[in-house]
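Chemist: quick check, what structure comes out for this input:
(chains A and B)
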Amino acid sequence: MWQFVLKRLLHLIPILLGVSLLTFLLMSMTPGDYYTALENNPQITPQKLIELRAKWHLDQPWHVQYFHWLKNALQGDLGYSMAYKVAATELIGSRLWNTFLLSFVATIITWAVAVPLGIWAAVKKDSWVDRLCAGIAFLGLSIPEVLLALLALLFAYATGWFPVGGAQSPLHDTMNGWEQFRDRCHHLLLPAVVLAASSLAGIMRQMRSNLLDTLRAEYVTAARAKGLSEGWVVYKHALRNAINPLLTIFGYSLAGLLSGAFIVENIMAWPGLGRLTLEALSAKDYPLVVATVVMATGLLVAGNFVADILLAWSDPRIRLKE
Amino acid sequence: MSAPIDTTNNAEARRPRTPWQLFWERLRRRRFALAGAWVLVGLYAMALFASFVAPGNPERQDRERFFHPPTVPRIQGWWLVVPRYEQTKGGAFVYKARVDDVKPVRFFVRGDPHKLLWMIPTTVHLFGTGEGNHPILLFGTDQFGRDIFARILYGSQVSLSIGLVGIALSFSFGMLIGGASGYVGGKADTLVMRLCELIMSIPGLYLILSLRATFPPKLSSTHVYLLIVVILSFVGWASMARVIRGMALSLRERQFVLAARALGVPAWRIIVRHILPNTLSYVIVAATLSVPYYILGEVVLSYLSVGIQEPDASWGNMLTAAQNTEHLQSYPWLLAPGAAIFVTVLAFNFLGDGLRDAADTKSN
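Modeler: Below is the predicted model:
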């Protein structure tokens, strides 16, 4: 098992290196840089701009810049944000946490709703429950996140039950610990539900079809023939095997989840990585862009890593094959 | 094996049906898939004849009708009539239907000049009242007094075609690379698969926006359109290539491929003529189900105002107007493009789901 974990960890290194290289290449191809906008500013002399560009190695070819960046990144310094005038790591820390929190809570909501619904639909196959679930799944699969997020904002605004966007209220700093926690939860709930709704349908349908497949297996027939109760057969025998493939789906769904989080963050003003990326791109703050993209990728590959480990842990065939 | 089956009267039984015939038969039984297909046919027809179906020019701003509510037609006697709406108080954009001032809806009416199918200049529109001061605004107007229905129709030309063009591009790319990679194997295969993994391990929208940033922000709409297609395809081909590569790996060991090789057929011909056709049923299903990805990609980019630029209409940049929650509550018809996206994506999902069930012979 440990060997498997170690192998997987080593596998992450080339991916992160490749992603940082690719992003760096893309950013070097981008027209202009942060200081282009300052060229017309009469208060800044051309001499000063040359100095500033030289300070951040912007006057050098992109591969030289990349090695400078890589050298610093290995020491935990992801570059300097020219727009915010602070180290990128400082900015990213809280944003990364926000995106992680949003995605994590959304995942929990998704699974807590999708798995029981999928089981219910499979057990009551072809009943009205099954049809209703299939209908909801289709609506959920087809409603774009942009629309859902806008509707959620409208809902929050019209009812006043939820804050309209943002991650915390303006009075957050004056609150005590418990109130701060409640305030954060209050702001988190609606974006998380919107994000969860989009991935819910897929997992529910997968759960249903997995369980139906397992219920057709011969050992299930054998268990029934033994005279076990239907509940015991479904929950004790079939379900365990039906859940396994879902762990693979979990890994695959992460990419969609992070893209979804990008949309939700930007529409519902949730201060996460996606929002920061867009802000950095429009400010031409390229070191920050590279840092956010690498971090988002890190989040994704870390999630995939966890999914792999869970899968290997639950299915010995996988960890022994590698 | 009890009584022998009587096949003498059954002409059908003597002629075996091809897999495609069986496929069509199974598909025809799925009502939802067919409904989705018909909705799509309707939507594409409307997009094709957008300038004719739209009652007016999508870019004309009516300064007397900002945030005009949707016109509700009524039946009066033998006529379908529409009332004229009047602002009750200035500045607040509250409108009231004038019940005494109605006009019948007329079909094939003369209006703004336009070019049917981008070629034939004409002034005939599908419907209207024939009077400029008495418009039919099915979905109301936006903050500039532009007809939302007309804009949705013109925007559908972007959204509906971007899916097809994107699929054509990324799937042909993905199939060729995946097929070649699986068939050839070795170092080239490893290299291509690592590249696919790299592309797939960056969360989609982060990569798409970074790619978008490498081009100038303000481009003409035609350029942006092409750019969006290329970017979305660049991100989308990787997953396709991986699946096709897996299929090619197993197909190349099959006897018909070995026979072709023994006959001295060149590798590219084996890939194109023997391996790729065998992946086709999977590809058609996957293509239908991934059209929404391209539609939504355009929507997100245009919504974030790095896609199709105003005044050209696209479903994404129309939704930008719905960003303002106060406006949205007072003028909920601003969400109409969202409904259009929803209907389109739903139709594609219905069709794709039906195709998948029809292509899946194992579970039956």
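Chemist: pLDDT wise, what is the closest residue to chain A within the stretch 101-250 of chain B at?
Modeler: Using CB to the nearest CB, the closest approach of the stretch 101-250 of chain B to chain A is made by residue B:203 at 3.7 Å. Quick note: C-beta positions are derived from backbone N, CA and C, even for glycine. Looking at residue B:203, its pLDDT is 84.
Chemist: and the closest residue to it other than its chain neighbours, what does it touch?
Modeler: Computed as CB to CB, 6 or more residues apart in numbering or on different chains, the closest residue to residue B:203 that is not its neighbour in sequence is residue A:258, at 3.7 Å. Neighbour list for residue A:258: A:99, A:103, A:274, A:296, A:299, A:300, B:203, B:204, B:205, B:206 [criterion: CB atoms under 8 Å, 6 or more residues apart in numbering or on different chains].
Chemist: repeat for residue B:183
Modeler: Contact analysis of residue B:183 by CB under 8 Å, 6+ apart lists B:248, B:252, B:267, B:270, B:271, B:275.
Chemist: and the gap between the fourth one and residue B:124?
Modeler: When distance is defined by CB to CB, to the nearest Å, residue B:270 is 54 Å away from residue B:124.
Chemist: the more surrounded of these two?
Modeler: The neighbour count for residue B:270 versus residue B:124, taken as other CB atoms under 10 Å in any protein chain shown, is higher for residue B:270 (22 against 14).
Chemist: distance of that one from residue B:168?
Modeler: Distance, residue B:270 to residue B:168, using CB to CB: 23 Å.
Chemist: likewise residue B:202?
Modeler: Distance, residue B:202 to residue B:168, by CB to CB: 24 Å.
Chemist: neighbour-wise, which of the two wins?
Modeler: residue B:202 (25 against 13).
Chemist: correct me if wrong: that one contacts residue A:296.
Modeler: Yes. Look at residue B:202 against residue A:296 with CB atoms under 8 Å: they come within range, at 7.4 Å.
Chemist: what sits in contact with each of those two?
Modeler: Counting by CB under 8 Å, 6+ apart, no residue touches both residue B:202 and residue A:296.
Chemist: which SS class is residue B:122?
Modeler: On the three-state scheme (DSSP: H, G, I helix; E, B strand; the rest coil), residue B:122 is labelled strand.
Chemist: tell me how many other residues surround it.
Modeler: The local packing of residue B:122 (other CB under 10 Å) involves 13 other residues.
Chemist: got a list of what it touches?
Modeler: By CB under 8 Å, 6+ apart, the contact set of residue B:122 is B:52, B:113, B:114, B:115, B:116.
Chemist: show me those that map onto strands.
Modeler: If you go by DSSP state E, the contacts of residue B:122 have B:113, B:114, B:115, B:116 in strands.
Chemist: of all pairs in these, which one is the farthest apart?
Modeler: Distance extremes for the ones in strands among the contacts of residue B:122: the farthest pair is B:113 and B:116 at 10.5 Å, using CB to CB.
Chemist: where in the chain is pLDDT low?
Modeler: You didn't pick a chain, so chain A it is. Residues of chain A meeting the criterion pLDDT under 70: A:318-322.
Chemist: nope, chain B please
Modeler: For chain B, the stretches with pLDDT under 70 are B:1-14, B:90-91, B:361-364.
Chemist: how far does the lengthiest helix in chain A sit from the chain's center?
Modeler: Among the elements of chain A assigned as helix by DSSP state H, the one spanning the most residues is helix A:177-215. Remark: helix A:177-215 is offset 13 Å from the chain centroid, using CA atoms, centre = their mean, to the nearest Å.
Chemist: the residue nearest the centre of chain B - nearest residue in space that isn't next to it in sequence?
Modeler: When CA atoms, centre = their mean is applied to chain B, the residue found nearest the centroid is residue B:160 (3.2 Å). Nearest non-adjacent residue to residue B:160, counting by CB to CB, 6+ apart: residue B:47, 4.9 Å away.
Chemist: so that neighbour is in which element?
Modeler: Here residue B:47, judged by DSSP states H and E, is contained in helix B:31-48.
Chemist: quick check: buried residues in that helix?
Modeler: By neighbour count with 16 or more other CB atoms under 10 Å in any protein chain shown, helix B:31-48 contains the buried residues B:32, B:33, B:36, B:37, B:39, B:40, B:43, B:44, B:46, B:47, B:48.
Chemist: go through those and name the one nearest residue A:3.
Modeler: For the buried residues of helix B:31-48, the nearest to residue A:3 is residue B:33 (47.6 Å; CB to CB).
Chemist: for the closest one, which residues are in contact?
Modeler: Applying CB under 8 Å, 6+ apart, the residues near residue B:33 are B:27, B:350, B:351, B:353, B:354, B:355, B:357, B:358.
Chemist: which among these end up buried?
Modeler: By neighbour count, with 16+ other CB under 10 Å, the contacts of residue B:33 hold B:27, B:350, B:351, B:353, B:354, B:355, B:357, B:358 as buried.
Chemist: filter the residues you listed down to the ones in helices?
Modeler: Judged by DSSP H, the subset of the buried ones among the contacts of residue B:33 located in helices is B:27, B:350, B:351, B:353, B:354, B:355, B:357, B:358.
Chemist: count of neighbours near residue B:62?
Modeler: Residue B:62: 17 surrounding residues under other CB under 10 Å.
Chemist: and residue A:72, how many neighbours?
Modeler: Using other CB under 10 Å, residue A:72 has 15 neighbouring residues.
Chemist: need the contact list for the closest residue to it other than its chain neighbours.
Modeler: Take residue A:72 and drop its neighbours on the chain: the residue closest to it by CB to CB, 6+ apart is residue A:79, 6.7 Å away. With contacts defined as CB under 8 Å, 6+ apart, the neighbours of residue A:79 are A:69, A:72, A:73, A:87, A:88, A:287, A:288, A:290, A:291.
Chemist: where's the last one, which helix or strand?
Modeler: Just to be clear, that refers to residue A:291. Using DSSP H and E, residue A:291 falls within helix A:286-314.
Chemist: close to chain B, is that helix?
Modeler: Yes. Interface with chain B: helix A:286-314 contributes A:289, A:292, A:293, A:296, A:297, A:299, A:300, A:301, A:304 (CB under 8 Å from any CB of the partner chain).
Chemist: neighbour-wise, which one of those leads?
Modeler: When neighbours are counted by other CB under 10 Å, residue A:292 leads the residues of helix A:286-314 next to chain B with 32 neighbours.
Chemist: more neighbours: which of residue B:113 and residue B:116?
Modeler: residue B:116 (14 against 11).
Chemist: what bridges to that one?
Modeler: Applying DSSP bridges to residue B:116 yields these beta-bridge partners: residue B:120.
Chemist: hang on, isn't it packed against residue B:53?
Modeler: No. If you go by CB under 8 Å, residue B:116 and residue B:53 don't touch, sitting 10.5 Å apart.
Chemist: ok, residue 239 - contacts?
Modeler: Since you didn't name a chain, this refers to chain A. Taking CB under 8 Å, 6+ apart, one finds A:119, A:211, A:214 in contact with residue A:239.
Chemist: ah, no, chain B please
Modeler: Contacts for residue B:239 (CB under 8 Å, 6+ apart) come out as B:174, B:196, B:200.
Chemist: in helices, which of those residues fall?
Modeler: Secondary structure defined by DSSP H assigns B:174, B:196, B:200 of these to helices.
Chemist: which among those end up buried?
Modeler: Those of the ones in helices among the contacts of residue B:239 that meet the buried threshold are B:174, B:196, B:200, by 16+ other CB under 10 Å.
Chemist: wait, doesn't the second one sit right on residue B:243?
Modeler: Think residue B:196. No. With contact defined as CB under 8 Å, residue B:196 does not count as touching residue B:243 (10.2 Å).
Chemist: within reach of chain A, which of the contacts of residue B:239 are there?
Modeler: Within the contacts of residue B:239, those near chain A by CB under 8 Å from any CB are residue B:200.
Chemist: any idea which of the contacts of residue B:239 is closest to residue A:227?
Modeler: Nearest to residue A:227 among those, counting by CB to CB, is residue B:200 at 48.2 Å.
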